[in-house]
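J.: I need the structure of the sequence given here:
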Amino acid sequence: MSADISEWADPGDDYVAVAVEIFSLLADSTRFRIVLALREGELAVGEIAERVTKPQATISQHLAKLRMSRVVTTRHEGARVYYRLSNDHALELIRVAVFQAEHAVDDTVRHSHHTVGANTVGAH
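T.: Sure, this is the predicted structure:
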């Protein structure tokens, strides 16, 4: 566990409510995959649809939800809209969820060390 967890271990009710909404938002496999697709930079809707293998209309609906929750932001270039992650926090949540899934699915866990901020967390 992170050495500085005590700094945020008891968030207020407002933060808990919003955090739960974010978990709910990321609990959808299409939105999960959209965040993964955007991990290397901004993409247009069509590019995201290709990577996630879903219709553009479906991707647009999910992107709207991610944008309203401030998980992604947009940049307009002419008629094209490019999406990117607002910050690395949603990607970090997904990364940790995949690490937890390794514990639940595999006998051998592939991750052994990872960095969270400035703190290194060892094997678990």
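J.: surely Arg51 meets Glu40?
T.: No: with contact taken as C-beta atoms under 8 Å, Arg51 and Glu40 are classed as non-touching, separated by 10.2 Å. Glycine gets a C-beta too; all of them are placed from N, C-alpha and C.
J.: so those two - more neighbours on which side?
T.: Taking neighbours as other C-beta atoms under 10 Å, Arg51 and Glu40 compare with Arg51 leading, 15 against 9.
J.: tell me the mean pLDDT for the helix of greatest length in the chain?
T.: Of all the segments assigned as helix in the chain under DSSP state H, the longest by residue count is helix 89-105. In this model, helix 89-105 has an average pLDDT of 90.
J.: list phi and psi for the residue of the chain most remote from its centre.
T.: Summary for the chain: using C-alpha atoms, centre = their mean, the residue whose C-alpha lies farthest from the chain's mean C-alpha position is Gly78, with a distance of 27.5 Å. Backbone geometry at Gly78, expressed as degrees, to the nearest 10, gives phi 70, psi -130.
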